[in-house]
Every structure is written in structure tokens, then in C-alpha cells.
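Student: Need coordinates for the below:
(chains A and B)
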2 protein chains.
Amino acid sequence: MARIVQKFGGTSVADADRIREVAKHVAWTRQNGDEVVVVVSAMGKTTDELVRMAEDVSSVTPGRELDMLLTAGERITMSLLCMALAELGVEAASFTGSQAGIITDTTHTKAKILEVRATRLTEALAEGVVPVVAGFQGVSTTRDITTLGRGGSDTTAVALAAALGADRCEIYTDVSGVFTADPRVVPSARRLQRISFDEMLEIASTGGRVLALRSVEFARNHHVPVHVRSSFTWEPGTWVTEEDPSMEQPIVSAVTSDVSEAKVTITAVPDRPGVAATVFRALAERAVNIDMVVQNTSWEGLTDISFTVPRAELVAAREVTESLSAEIGAREVLVDEGIAQVSIVGAGMKTHPGVTAMMFETLAKAGINIEMISTSPIRISCVVRAEAVDKAVRALHDAFGLGG
Amino acid sequence: MARIVQKFGGTSVADADRIREVAKHVAWTRQNGDEVVVVVSAMGKTTDELVRMAEDVSSVTPGRELDMLLTAGERITMSLLCMALAELGVEAASFTGSQAGIITDTTHTKAKILEVRATRLTEALAEGVVPVVAGFQGVSTTRDITTLGRGGSDTTAVALAAALGADRCEIYTDVSGVFTADPRVVPSARRLQRISFDEMLEIASTGGRVLALRSVEFARNHHVPVHVRSSFTWEPGTWVTEEDPSMEQPIVSAVTSDVSEAKVTITAVPDRPGVAATVFRALAERAVNIDMVVQNTSWEGLTDISFTVPRAELVAAREVTESLSAEIGAREVLVDEGIAQVSIVGAGMKTHPGVTAMMFETLAKAGINIEMISTSPIRISCVVRAEAVDKAVRALHDAFGLGG
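Tutor: Next comes the predicted model:
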């Protein structure tokens, strides 16, 4: 008998039919003799609708109240799913984040889980009841309702799997796993059977949208095997697990792309110690997330500093850099919204030299100019023109032989 | 400085505009220097929509899960209202039934309040924060979410007013108070300025829909003055308070009617001790609520027993009586769905003989036959044909001089 956490995202529970389908699958898993804990997101576009209601009512949306509002979403899904399970003769009970013991800090709208006190869930399991838990939500140390921010339901599922000593965490979504590239861009993209936590982290942080970064970090830190799969086909998907040292790793596992960033360049900055520190300290204070940073070689004592930021934080980034421009003696601040990032990710890269060269050659052969470069031991990312990014993904997918 | 509980029903918070209107009124009350605790219902038809979703998903709707589902409704209203208050510069914080300390028994979908532990609300008030509380909901002694059933939000408001020692409880609704009769039936009906708890109880139990019976009982038992008024006109409404013994009471305060019941008659029952007991014990065991009961004079050792029940419980009542029919030796069971009840209510009745006679004369003069009669010290109710009930209400309203 295995203990399994099954998480169903918004599209998986979008309407009454989908909820009944999910109930059937949960019932079937239990009939196989396994223990199941279910985690659900809000139905379909519910969260977006609730946000729109808030914006209709008020121009101010305090975090505490926004969290109270949004947590209505999972509440609806989980109670409906319990009813559908009851109809199938499966005894189930819904639990809010608070009832499930998801204790968080007090940062509303993006709280961090501090502790999981899953007593009520283990009691339910002991009584043969299927606990259905609200994803995305918790209760703070000051007893207020919190939400976990983006990808919060995945994080709830992995955190519960860790706390309950589950054998695995199944993340059901509307795609059938993790692919070598986005199949909408690369028709020959293949589903990966298995990928390591480290590779999945790099994929999630460079534009792969299947799993939220935080949940992968949590799974890696707590050694929770994650199975990403489809609730529409129910076929086996992709396992995200520890790296298996006995097996040879693929040099490149996946090609990803990200068009959500913009580039800021501060030109002709005097090249002296402390200038970069001043700029990035000021950006950090405005909570601007910096991704890549490049500084050119100095020429006549002047240099250019370029960095990429999420487009949503571009206004803040521009304000900070422009207001510092005079102080640091820079010429001007240039903003470029026409960029995109293409990355290759693979655990085998660590032991295979020449991958970087091959990536650059491939992009060159395709006539694509590289504007910025950043690397990790298992990833290489290049900034290119946004309009060239799909071509870049296809060329790299092809060059590294990832096709089906 | 007064401490006021303000409760806003579903129509009062039906959309973004209404919620902003309510926020303005709460802000204005605070500016007058009063302390406010707000209680809200679910927006407009939200509760009905959630029930429909449940029925779409499953033919079984366990009470625990139905309660979890329905409590999403007030959660949405209260967080939106807090946002609207924030925009007006009023610091507010929402509290679920559980957070507000509404402790109930474990009877899902119609829980009873056992205790109010309003610590978090008094803390909020001490900090100058306006608590906005979810009506209709609580948490059971076994830490499950419960709802209070029909009129639950009114009950929450009155219970909080009692627990917080509030000076008054204002119930905002879509009518401007308690009227001498339903203005849709009697155009000359007047709004009452003041009415006693006992009269209000009789009105609520004989078809007046302004206040739920339970909340009036609670207000009477805890001596909470209730002010029923409109959130659309904001004009002063009707005060429901203790009877003022120094003032002469009106003989008749209001005429009410109720078309929600049906009549069951068991004919030719042997008139011996224990027969009625057998019937009504069996009905009680099926949780059928009996309103009026009439037993005819015995004729040749046989009698007829008639009683009225809510139409929703008619199927159960019929099953019970038909299955007992043979055992008690009755001839047959007759069901009449064509009845209605008309009542006059007035505290002055206690000291004025002749009111009953005047009621009967009035109905006779209008050509309306009386089928059953039931009285309390301050109420007389008659069962009449359903099609005659509006005419009966108008005739009585006129005869007792209640017109404006």
C-alpha cells in the first residue's frame, strides 16, 4: 500500500464533469489499495474572476482581504469534490489550509510555509477517510488566512507529501508531462519519462510552466518524488526525482524559452568600484528581481551595464536606474522590451565540454544574434531578439537531437 | 459613543455598487463616533448558485461539505466590503464565523450557536478596526465548519450584539421595516415605528418575512434592541424592543398571512385515548413540524383529526399518517393543499375581549369560511381557502383600522 498525494489544478476541476472525472480517478486509486490525500486548486478561472470582483469594488485591495477573498475558490472545489466522492461511495472530508495545518508566515498574497501540522489529515487517513485539502492557502502565525502566491497549490501538495511521508506526489494538469520543448513551438518535442530535480528547477526558472519553481525546490529539499501527468488522458507522465548516479545523464534534456523579460542598459558608466553595487542595491530595495547581468569591457574608463528584469517590474527598474543615472555619472538608460531568452538544460552538461560552443554555432548558423549569455553548471541561456526565439528553440532542439 | 452591530442581507450587498454604498454608510456611522461591527450575508443569489453547483456535481450532498461550500459566499462579501472600506480610509478586517468565535453544535446545515468567543472582535474594536464578520456560519465543537440555516445571518448579528454588549443591532434589508400588512397585498399598510419582541415573534411565525424567528427569539432572550431598516433608502425603520409597560399597547399591530402550509385530515378515527398521541409521536419522529391541530367533537365514537404542516414536509406527513391509518382504525387520510392562514397579532389583545368575535365577524361579512382556528394570548390565526387569503388580509386590516 502506497500513500499518494494527488494534486489537481484549475483546468482539471474546471466544471462539474471534470470534478466527477477526478472523483472517479481518486476512487479508482483507493480501490487499488492506496491511501490518497487530494489537493485542489480553484476551478478554472475562479481566481481571476474573484480578482476582477475586487478591482470592481475598490482601487485598494489589502493583502489580508485579498487572501480571504481568493481562498473562497479552493473551498468551492474541495467541497464539490467531496460530494462527488460521496456519490461514488468514497468517504471524503474537505480541509481548508488552516484545518490541514499549513502554517505560514504573515506575508499576505505570497506567504511561505513555516510548518505543516497535519494531525487532522493523519486522523482522517487512519479512519479510512480521503482528505481533500485546499491548495494555495494556509493560516499565519497570527491566525490570519494567507495564500502562497503563484504555484501555491503545487507547493501545498509537495509540502503535504513531505509532512505525511507520502511515497509520491502526483501533479495532475492539462499537459501530459515535461517535454523536451514546448510542443506548440516544436511539433517533434518528446515527453520526458524522467528528469532530475536540478534539471526541473532550471527548466521552471527559464520559462517551463509545467511545475512552479517553489514546489520543485520543496520537492528536492524534502526528497519527494513528483509525477507530473495529465488528468485528461490519465496516461503516465514525467517523473521528477533525485538524479540517478548510476545512469548516464542526457547532455541536453530540454530547450526552454521565456519572453516575459525586458532588458535595461545603463550606458557609459564610469568604470570604478561600487557603481554596480549602488545600482543593484537600489533595485533590490524596490524589490526588482534581476535575472541576467552583463557588464562590457571598459573603454576609455566607461562601461555599459545591462540586466534583464520581469516585464512587470520594468517601470520600477526604469525609475530606479534613471534616478541614479546622474549620481553615478552615466550617460543614459536604455530599455529594450523586444528581447527573449532561450535556454538549454541538461545534467550531462557538467561532464561534456563543448556544449556551449555547439549552442553558439547552432544559433549563428540560424542567423540569430546573441545579446547576453548566462550559464549554470547544467544550463546555458542566451538573450536573443523576441521574434527569433521560436526559430532558436527549433534549431537547438534539432541540433541536440531531442526530437521524437 | 454607542456600539452598534450592523447586518447587511444579500440584496444589500448584491453587487459592487451596493457594497460601496454599504461601505459609505459604515464609514459615516464611524465618523459619528460610534463603534461598528458589521455582519454580512452572501451576495445576492450566491448561496442559490452554490447549491445549484452542488446539485450539478452530485446527487448526494453531505451536510459537512455543503456547509464548507456555502460558507464561501459570505467570505467573498466580507473581504470585498473590507476593500471598499479601505478605499474610504476606514481600517477594517474580515473574520469568518470561526475567527469571530461563533461556536456551534455539530448539526450541519442548521447548527445552533452554543457560545460566542468574540475575543478577536473586541481586540479589533480596541485597535479602532471595524470587524466585518461572515454571517450564517460558525465552527462546531469538533472544529468543523457549520452553517446556521435559514435566517442565520440575522442570528449571527443578534448573537454578536448580545456577546459584545452592543447598544443595538441594525438589520439592513430591502424593505424599510415591519408593516401592518404586506404592502403588496394592502396598499394602505403602514410601517410600524416600534413593536415588541413578543409581537415580532408572532409575526415572524405566521408569515412575516422581515426577520427570522430564531433571531427574534435570541434578541428577546438577550434583550438586544433590533432596528429593522432599509439599506436602499437608509430611512429609520422599525424598532423591535421590550414591551413598554407604561404605554398602552395597540389591540392589533399587524395582519399576516401564510400560504406555505397544507392541511392533513385523518377521518373517522375511533375516539379513544392515545390515538392522537400515536399519530403525533410518529410525525415527530419523522421531524414533521406540526402547526395547528384541530379535533372535531366525536360522533358515534368517531372523530376527525386535522393538522397543518409546511408544504415541504407534506410527503413525509402523508406517509406517516397513511401507514398508521390501519393501526388506529381510521377511514382515510385527506390532504388539502388549497389552504392558507391569516393571522392578527397585537399585544393589546391580552386586555381587550371581543377581538376574536370581531375577527370572525369580519371574515363572515367578507364571505370567507373559517376552516381551523388557533390562538395565543396575542395572536388569532384562521385557516381559510388559499384564494381568499388576500381578501381576508385586506378586510381585517381595514376592520382593525390599521390603514395609514
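
Student: Run a quick neighbour tally on A:Ala212.
Tutor: 20 (other Cβ atoms under 10 Å in any protein chain shown). (Each C-beta comes from the backbone N, C-alpha and C, glycine too.)

Student: Run through the residues that contact it.
Tutor: A:150-152, A:154-155, A:204 (Cβ atoms under 8 Å, 6 or more residues apart in numbering or on different chains).

Student: The same query, at a cut-off of 6 Å, please.
Tutor: A:151, A:154 (Cβ atoms under 6 Å, 6 or more residues apart in numbering or on different chains).

Student: Would you list the phi and psi of it?
Tutor: As for A:Ala212, its main-chain torsions (degrees, to the nearest 10) stand at phi -70, psi 140.

Student: how near is it to A:Phe136?
Tutor: 11 Å (Cβ to Cβ, to the nearest Å).

Student: What residues does the stretch 151-300 of chain A have near chain B?
Tutor: By Cβ under 6 Å from any Cβ of the partner chain, no residue of the stretch 151-300 of chain A approaches chain B.

Student: would you list every one of the strands in the stretch 151-300 of chain A?
Tutor: Listed in chain order, the strands of the stretch 151-300 of chain A (DSSP state E, counting those that start in this stretch) span residues A:168-173, A:194-196, A:226-230, A:238-241, A:254-258, A:261-270, A:293-295.

Student: between the ones you listed, which gets nearest to A:Arg385?
Tutor: Closest approach to A:Arg385 among those is made by strand A:261-270 (10.9 Å; Cβ to Cβ).

Student: Identify the neighbouring strands of the closest one in the sheet and state each direction.
Tutor: Taking DSSP bridges as the criterion, strand A:261-270 pairs within the sheet with strand A:302-310 (antiparallel), strand A:332-336 (antiparallel).

Student: Could you single out the most deeply buried of these?
Tutor: Neighbour counts (mean count of other Cβ atoms under 10 Å in any protein chain shown) averaged over each of the strands paired with strand A:261-270 peak at strand A:302-310, with a mean of 20.

Student: quick one: that strand to strand A:254-258, angle?
Tutor: Counting by axes from the mean of the first three to the mean of the last three Cα atoms, to 10 degrees, strand A:302-310 lies at 100 degrees to strand A:254-258.

Student: among the strands of the stretch 151-300 of chain A, which is nearest A:Val393?
Tutor: Closest approach to A:Val393 among those (Cβ to Cβ): strand A:254-258, 5.2 Å.

Student: Give me the contacts around that closest one.
Tutor: A:180-181, A:203, A:206-208, A:341-345, A:389, A:393, A:396-397.

Student: mind listing the helices for the stretch 151-300 of chain A?
Tutor: Applying DSSP state H, counting those that start in this stretch to the stretch 151-300 of chain A gives helices spanning A:152-163, A:197-205, A:213-222, A:275-285.

Student: I'd like to know which elements the first one is packed against.
Tutor: So the one you mean is helix A:152-163. strand A:3-8, strand A:113-116, strand A:168-173, helix A:213-222 (3 or more Cβ pairs under 6 Å, 6 or more residues apart in numbering or on different chains; DSSP states H and E).

Student: Recalculate using a threshold of 7 Å.
Tutor: strand A:3-8, strand A:35-40, strand A:113-116, strand A:168-173, helix A:213-222 (3 or more Cβ pairs under 7 Å, 6 or more residues apart in numbering or on different chains; DSSP states H and E).

Student: Give me the three-state assignment for A:Val384.
Tutor: Secondary structure, DSSP: H, G, I helix; E, B strand; the rest coil: A:Val384 is strand.

Student: That one: neighbour count?
Tutor: Residue crowding around A:Val384 was assessed by other Cβ under 10 Å; the count is 21.

Student: That one against A:Ala366, yeah?
Tutor: No. Judged on Cβ atoms under 7 Å, A:Val384 makes no contact with A:Ala366 at a distance of 9.8 Å.

Student: Identify the contacts common to the two.
Tutor: Overlap of the contact sets of A:Val384 and A:Ala366 (by Cβ atoms under 7 Å, 6 or more residues apart in numbering or on different chains) consists of A:Ala392.

Student: Where does pLDDT dip in the stretch 51-200 of chain A?
Tutor: Across the stretch 51-200 of chain A, not a single residue meets the criterion (pLDDT under 70).

Student: Just want the angle from whichever strand or helix holds A:Ile76 to strand A:3-8.
Tutor: In the assignment (DSSP states H and E), A:Ile76 maps to helix A:72-87. Here the directions of helix A:72-87 and strand A:3-8 differ by 120 degrees (the same axes, to 10 degrees).

Student: Can you show me the CA trace of stretch A:228-247 as CSV?
Tutor: Provided in CSV are the C-alpha atoms of stretch A:228-247 (Å, rounded to 0.1, in the frame of the first residue of the first chain):
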residue,chain,number,x,y,z
VAL,A,228,3.6,15.3,-13.5
ARG,A,229,0.8,13.9,-15.6
SER,A,230,-2.5,14.7,-17.4
SER,A,231,-6.0,14.5,-15.8
PHE,A,232,-7.4,14.4,-19.3
THR,A,233,-5.7,11.3,-20.6
TRP,A,234,-4.6,9.8,-17.2
GLU,A,235,-1.5,8.3,-19.1
PRO,A,236,1.9,8.1,-17.2
GLY,A,237,3.7,11.4,-17.4
THR,A,238,7.1,12.6,-16.3
TRP,A,239,8.8,11.6,-13.0
VAL,A,240,10.8,14.3,-11.3
THR,A,241,13.2,12.6,-8.9
GLU,A,242,16.7,12.6,-7.5
GLU,A,243,19.4,12.2,-10.1
ASP,A,244,20.3,8.5,-10.5
PRO,A,245,24.2,8.5,-10.3
SER,A,246,24.3,5.0,-11.8
MET,A,247,22.8,6.2,-15.1
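
Student: For it, what does the pLDDT average out to?
Tutor: What stretch A:228-247 shows for mean pLDDT is 92.

Student: Tell me the buried residues in that stretch?
Tutor: A:228-231, A:237-241 (16 or more other Cβ atoms under 10 Å in any protein chain shown).

Student: any idea how far that stretch is from the chain center?
Tutor: 16 Å (Cα atoms, centre = their mean, to the nearest Å).

Student: can you list the domains in chain A?
Tutor: Residue ranges for the domains of chain A, per automatic domain parsing: A:3-241, A:254-258+A:339-399, A:263-336.

Student: most neighbours per residue, which of the ones you listed?
Tutor: Most buried of the domains of chain A by mean neighbour count (mean count of other Cβ under 10 Å) is domain A:3-241; its value is a mean of 21.

Student: Just checking the distance from that domain to the centre of its chain.
Tutor: Mean-position distance between domain A:3-241 and its chain equals 13 Å (Cα atoms, centre = their mean).

Student: Which residue is the nearest non-sequential neighbour of A:Val22?
Tutor: Nearest residue to A:Val22, sequence neighbours excluded (Cβ to Cβ, 6 or more residues apart in numbering or on different chains): A:Phe8, at 5.3 Å.

Student: what's the spacing between the one you found and B:Arg150?
Tutor: Here the criterion is Cβ to Cβ. By it, A:Phe8 lies 34 Å from B:Arg150.

Student: who's in contact with A:Leu148?
Tutor: Residues in contact with A:Leu148, defined by Cβ under 7 Å, 6+ apart, are A:110-111, A:113, A:136, A:138, A:155-156.

Student: again, only this time at 6 Å
Tutor: A:Leu148 neighbours (Cβ under 6 Å, 6+ apart): A:111, A:136, A:155.

Student: Spatially nearest residue to the second one, not counting backbone neighbours?
Tutor: Among residues not flanking A:Phe136 along the chain, A:Gly152 sits closest, at 3.7 Å (Cβ to Cβ, 6+ apart).

Student: Could you report the distance from that neighbour to A:Thr109?
Tutor: From A:Gly152 to A:Thr109 the distance is 10 Å (Cβ to Cβ).
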